[in-house]
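Q: Okay, here's the prediction I keep looking at, along with the sequence it came from:
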Amino acid sequence: IVAPLLMFMFTFQVRYDEVAVATRFERAGEPQRNADGTLSRDAVTGERVDGGWLYEEAGIYPRLPWPINNVYKYSKRLQTLESEQRQVQLADNLTFIVQIFSVWRIDDPYAFFSTLRSEDIAEDRLRSIVQGQAISGVISQFAFSDFVNAEAGAVRLGDVEETMSTAVQEPLVLGTSRYG
């Protein structure tokens, strides 16, 4: 009975689809970075040179019990985000109901931990960017005939998607160094 309790208190597990940030008194050691701000990696193996307290490989790792060490785990997988359905007035004054799906992931777990700490907070920020920039600002610039048209060449869904992607990427690229 004591051995499993001690294992639970003094170790943590990182699954193959997770990355973990370990903290000591809620502070994480910053990993080594290149001049451009990306995490340093070995040219041959691709592994991080100095991982700080980031754990990207699956396995069991030692730790001190709470409250000394705490471990935050984040998914490596692509995450999906679905916006609410909203009515948007188009350029030709017709009303269109829009719902947007976005795909995102965490590129820099340390920066993500330092700024957001929670995937729920990240989704809220991303949702506000998508709803503010993409739905209100971009879709309202197009006419109904750009979405639905008898002539296949007149449909401009590719243009809508590209414009929307650019509008959403701009604030996210500026925030990538902050958000991870």
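A: Sure, I can see it. Numbering: from 1, shown residues only.

Q: only C-alpha atoms for contact and neighbour calcs from this point on.
A: Noted.

Q: So for residue 7, what's the pLDDT?
A: Note on residue 7: pLDDT of 87.

Q: cool, and residue 84?
A: Reading off the model, residue 84 has pLDDT 85.

Q: Might you report the residue contacts of the closest residue to it other than its chain neighbours?
A: Among residues not flanking residue 84 along the chain, residue 99 sits closest, at 5.9 Å (CA to CA, 6 or more residues apart in numbering). Neighbouring residues of residue 99 by CA atoms under 8 Å, 6 or more residues apart in numbering: 82-86.

Q: Okay, and which of those residues map to strands?
A: 82, 86 (DSSP state E).

Q: wait, which of the contacts of residue 99 is closest to residue 71?
A: Nearest to residue 71 among the contacts of residue 99: residue 82, at 28.1 Å, using CA to CA.

Q: is it true that that closest one touches residue 102?
A: Yes - using CA atoms under 8 Å, residue 82 is in contact with residue 102, at 6.4 Å.

Q: Buried residues, stretch 121-129. List them.
A: Buried residues in stretch 121-129, defined by neighbour count with 16 or more other CA atoms under 10 Å: 122-123, 126-127, 129.

Q: Same check on stretch 19-27?
A: Buried-residue list, stretch 19-27, by 16+ other CA under 10 Å: 19-24.

Q: From the residues you listed, pick the one nearest residue 67.
A: residue 24 (8.1 Å).

Q: ok, what's across the strand from that closest one?
A: Note on residue 24: beta-bridge partners residue 27, residue 69, judged by DSSP bridges.
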